[in-house]
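Chemist: Dropping the sequence and predicted coords here.
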Amino acid sequence: FQEADECFSKSIALNQLSFHAFWLRGMARFLSGHHLRGMRDLRQCIKLKPDLLDARQSLVVILQGRGRFREAVSECDAILKVVPENIVWYY
């Protein structure tokens with residue numbers, strides 16, 4: 001994880017607008033137990049590319065796990081506005 005995190009961070013340092021690097025680093029951080037750091041990266045990814053629903057869905061999972069239900073519902077609503085039949089409805 002540490003090496004991957006460093007590589008993603010270097011990639012982001014080279015290109016602050018790389019939504020994909022923020023998404024991948026956010027997922028790596030989340031999956032390795034660094035939920036808050038992963039959440040920050042996913043929020044930055046969504047800021048750069050609001051229509052990336054995979055990042056929003058991952059953020060919903062983190063928010064729910066941290067007990068931040070209002071924010072999770074808000075993200076779910078944003079997803080359902082774009083794709084009403086999205087699986088996030090079941091979260």
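Modeler: Thanks, I have it. Numbers count the residues shown, from 1 in each chain.
Chemist: what are the ranges of the helices in the chain?
Modeler: With helices called from DSSP state H, the chain shows them at 2-14, 19-31, 35-48, 53-65, 69-82.
Chemist: Residues touching the first one, excluding its own?
Modeler: This means helix 2-14. Ser18, Ala21, Phe22, Leu24, Arg25, Ala28, Arg29 (CB atoms under 8 Å, 6 or more residues apart in numbering). Backbone N, C-alpha and C define where each C-beta goes, glycine included.
Chemist: The helices of the chain into TSV, with extra columns for distance to Val88, mean pLDDT and mean neighbour count?
Modeler: Putting the helices of the chain into TSV (distance: least, CB to CB, whole Å; pLDDT from 0 to 100; neighbours: other CB atoms under 10 Å) gives the following:
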stretch	distance to Val88	mean pLDDT	mean neighbour count
helix 2-14	25	95	13
helix 19-31	16	96	21
helix 35-48	14	97	19
helix 53-65	6	95	19
helix 69-82	5	94	15
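Chemist: Point out the one among these that comes closest to Trp89.
Modeler: helix 69-82 (6.5 Å; CB to CB).
Chemist: Which strands or helices does that closest one pack on?
Modeler: Helix 69-82 sits against helix 53-65, with contacts defined as 3 or more CB pairs under 8 Å, 6 or more residues apart in numbering; DSSP states H and E.
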